[in-house]
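Q: here is my input, please return the structure:
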Amino acid sequence: MISAFANPHRFMALSKWLAPACLGVGALLIAYSVWQGLWVVPQDDYQGGDIMRALFIHVPSAWLAMGSYLGLALASFVWFVWRHELADMAAKSIAPLGAGYTAMCLATGSIWGKPTWGTWWLWDDARMMSVLVMFFLFLGYMALRAAMETRQKAARAGAILAMVGAVNVPLIKFSVDIWASIHQGPSVLRADGPAMPAVYLTPLLLGALGHMIFFAGLTMVLMRAEVWQRRSDVLIARKLAGA
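A: Numbers count the residues shown, from 1 in each chain. Down below sits the predicted model:
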């Protein structure tokens with residue numbers, strides 16, 4: 001099953017139409033969510049008035065940051081065990097996107113936190129620090145790959161770092177429950193159902209879905225570029241060998 005999906009020719013044929021479709025659908029859902037969040041839904045005085053509108057960017061970016069790191073670790077695991085090159089391409093493509101979403105999560109969290117909690121940042125807050133660690137893990141993954149002499153060494157070193165760093169993701173998720181934090185507990189993913197009113201929940205979930213689809217489209221675009229790059233490298237190597 002994995003081998004069937006790991007065929008580069010099948011991937012290129014599928015992603016040729018699926019990538020732009022994901023980008024288009026994702027962009028529409030994100031635009032709808034942002035429009036609803038900024039101009040349509042009422043302000044929530046209990047959550048800080050208009051500043052709570054940041055949740056329509058902050059929450060999806062936080063979910064995507066954690067999800068992208070799990071995707072990075074999973075793709076790294078698949079390459080590490082089965083040596084499927086498409087898995088390595090996926091990991092390499094996910095890393096910069098995950099770093100971008102993590103940076104957006106940190107930035108919007110600080111913007112939301114300043115008027116709500118009276119501070120841009122707290123160094124002793126477990127969730128803030130664990131998300132910051134994840135951001136540096138993304139950067140470290142990319143830097144480590146760039147420092148390796150060969151593609152195989154880069155893939156191996158990056159895969160090990162990605163898999164080891166995955167332990168940080170559950171720490172982010174459960175940090176509010178384990179340690180004291182200024183962050184509130186979950187209001188969407190709860191055993192007894194969401195505590196958020198539907199007027200906020202619906203556009204939030206649609207926006208999160210849009211970001212996921214858009215992220216998938218961007219990942220496929222970067223993977224396609226990597227496939228073309230590797231094909232180009234092979235052709236250049238053959239030409240040099242023939243000369």
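
Q: do a quick rundown of the helices in the protein.
A: For the chain, helices defined by DSSP state H occupy the ranges 2-5, 8-35, 55-82, 85-117, 126-147, 151-165, 168-178, 198-242.

Q: angle of the fifth one against helix 85-117?
A: The directions of helix 126-147 and helix 85-117 differ by 150 degrees, with axes from the mean of the first three to the mean of the last three C-alpha atoms, to 10 degrees as the criterion.

Q: using PDB, write out every CA atom in helix 126-147.
A: C-alpha atoms of helix 126-147 as PDB (Å, rounded to 0.1, in the frame of the first residue of the first chain):
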ATOM      1  CA  ALA A 126       4.900  26.100  29.500                       C
ATOM      2  CA  ARG A 127       2.700  26.400  26.400                       C
ATOM      3  CA  MET A 128       4.500  29.500  25.100                       C
ATOM      4  CA  MET A 129       7.900  27.900  25.700                       C
ATOM      5  CA  SER A 130       7.000  24.500  24.200                       C
ATOM      6  CA  VAL A 131       5.700  26.200  21.000                       C
ATOM      7  CA  LEU A 132       8.900  28.200  20.800                       C
ATOM      8  CA  VAL A 133      10.900  25.000  21.200                       C
ATOM      9  CA  MET A 134       8.900  23.600  18.200                       C
ATOM     10  CA  PHE A 135       9.700  26.600  16.200                       C
ATOM     11  CA  PHE A 136      13.400  26.100  16.800                       C
ATOM     12  CA  LEU A 137      13.000  22.400  16.000                       C
ATOM     13  CA  PHE A 138      11.700  23.300  12.600                       C
ATOM     14  CA  LEU A 139      14.600  25.700  12.100                       C
ATOM     15  CA  GLY A 140      17.100  23.100  13.400                       C
ATOM     16  CA  TYR A 141      15.700  20.500  11.000                       C
ATOM     17  CA  MET A 142      16.200  22.800   8.000                       C
ATOM     18  CA  ALA A 143      19.700  23.900   9.200                       C
ATOM     19  CA  LEU A 144      20.800  20.300   9.800                       C
ATOM     20  CA  ARG A 145      19.700  19.200   6.400                       C
ATOM     21  CA  ALA A 146      21.500  22.100   4.800                       C
ATOM     22  CA  ALA A 147      24.700  21.300   6.700                       C
END
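
Q: what packs against that helix?
A: The helices and strands touching helix 126-147, judged by 3 or more C-beta pairs under 8 Å, 6 or more residues apart in numbering; DSSP states H and E, are helix 55-82, helix 85-117, helix 151-165, helix 168-178. (Glycine included, C-beta is placed from N, CA and C.)

Q: one more: the second one?
A: Counting contacts by 3+ C-beta pairs under 8 Å, 6+ apart, the secondary-structure elements packed against helix 8-35 are helix 55-82, helix 85-117, helix 198-242.

Q: what comes up buried for the shortest one?
A: Same thing as helix 55-82. Neighbour-count burial for helix 55-82 flags 55-69, 71-80 (criterion: 16 or more other C-beta atoms under 10 Å).

Q: residue ranges with poor pLDDT in the protein?
A: 1-5, 45-48, 177-182, 185-186, 189-191, 243 (pLDDT under 70).

Q: state the distance from the closest residue to Trp123 other than its chain neighbours to Ser175.
A: Take Trp123 and drop its neighbours on the chain: the residue closest to it by C-beta to C-beta, 6 or more residues apart in numbering is Met129, 6.9 Å away. Plainly put, Met129 is 8 Å away from Ser175 if you go by C-beta to C-beta, to the nearest Å.
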